[in-house]
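Colleague: Sequence below, structure please.
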Amino acid sequence: MELNGKVAIVTGAGQGLGEATAHALSEKGALTICADIQLEKVQRVAAAIHETGCASDSIQFDVRNLESVEQAVQTVLDRYGRIDILVNCAGIDHTLPIEELTIEQWDQVIDVNLRGPFLMAKYILPVMYAQQSGQIVNIASTAAKRTWANASAYHASKWGLVGLSHALHVEAREHNVRVSTVVPGGMRTPFILERFPDTDPANLQDPKSVAQTIVFVLSMPDESVIPEVMVLPLRETSWP
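Modeller: Numbering: from 1, shown residues only. Here you go, the predicted model:
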């Protein structure tokens with residue numbers, strides 16, 4: 001079990017890639033903290049993990065809110081004494097042309113997709129530095145590699161997240177902490193299928209495949225790090 005005994009936090013674990021990642025980490029032996037702003041969803045995911053005989057817990061907090069993040073990190077430390085893995089999966093979008101996108105919608109996308117990973121790193125990296133070990137995986141998107149119409153806030157947030165992630169990779173490795181970026185192509189998750197019901201599922205990939213990529217990144221030998229990796233459906237239409 002490559003991740004046996006490690007304490008992992010997965011944000012956005014209530015559905016989609018976050019849920020698949022929580023299951024994948026637990027199957028590899030991690031004690032997975034399922035985190036989301038929607039408590040009922042992460043309680044369901046944590047319960048499902050328990051039913052498989054794996055260790056899990058759930059916690060509700062808002063990645064956009066400074067006090068909420070700080071309290072959540074302290075709660076995990078009080079319960080388990082350490083944090084070994086953070087996977088920043090939480091993400092949203094408002095698919096609108098710029099003239100229709102409100103300031104509030106712009107702020108919401110940037111706050112969840114970029115401010116959230118920043119706040120999580122700000123409060124968790126010092127814990128990992130003290131441990132002299134730990135890994136952070138930030139979930140970007142092919143939206144950080146090219147652009148399409150009606151997604152300006154989402155593109156800005158994901159391009160920014162890749163930059164933040166690489167900057168943290170440089171800072172953290174001096175403390176024996178690894179930071180990686182996973183860039184997934186389209187997945188069969190509510191994030192796409194509920195907003196774009198006409199999408200051909202055959203052009204998308206199972207989120208479990210991306211979750212296995214995250215496990216691979218986390219399972220590298222201590223002397224190695226994968227700063228960035230892209231995983232696409234074979235019939236990907238948005239990249240290249």
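Colleague: Please count neighbours and contacts with C-alpha atoms only from this point.
Modeller: Fine.
Colleague: quick one: least confident helix or strand in the protein?
Modeller: helix 190-193 (a mean of 80; mean pLDDT, DSSP states H and E).
Colleague: what does the helix or strand that that one is followed by rub up against?
Modeller: Per DSSP states H and E, the first helix or strand lying C-terminal to helix 190-193 is helix 207-218. Applying C-alpha atoms under 8 Å, 6 or more residues apart in numbering, the external contacts of helix 207-218 come out as 3, 16-17, 20-21, 24-25, 135, 137, 180, 182, 184, 187-189, 225-226, 231.
Colleague: For this structure, which segments are assigned as strands?
Modeller: 7-11, 31-36, 56-60, 85-88, 135-139, 178-184, 228-231 (DSSP state E).
Colleague: in the sheet, who's paired with residue 7?
Modeller: residue 31 (DSSP bridges).
Colleague: wait, doesn't it sit right on residue 28?
Modeller: No. If you go by C-alpha atoms under 8 Å, residue 7 and residue 28 don't touch, sitting 11.7 Å apart.
Colleague: Which one's more surrounded, the two?
Modeller: residue 7 (25 against 17; other C-alpha atoms under 10 Å).
Colleague: who touches the most centrally placed residue in the chain in this structure?
Modeller: Nearest to the geometric centre of the chain sits residue 89, at 2.0 Å (C-alpha atoms, centre = their mean). Contacts for residue 89 (C-alpha under 8 Å, 6+ apart) come out as 10, 11, 12, 13, 17, 18, 138, 139.
Colleague: what do you get if the cut-off is 10 Å, keeping everything else the same?
Modeller: For residue 89, the contact set (C-alpha atoms under 10 Å, 6 or more residues apart in numbering) comprises 9-13, 15-19, 21, 35-36, 112-113, 116-117, 137-140.
Colleague: mind listing what the residue of the chain positioned farthest from its centre touches?
Modeller: Going by C-alpha atoms, centre = their mean, the residue of the chain most distant from its centre is residue 99, 29.4 Å out. Contacts for residue 99 (C-alpha under 10 Å, 6+ apart) come out as residue 150.
Colleague: cool, residue 24 as well?
Modeller: Contacts of residue 24 (C-alpha under 10 Å, 6+ apart): 18, 30, 32, 49, 208, 209, 210, 211, 212, 213, 214, 215.
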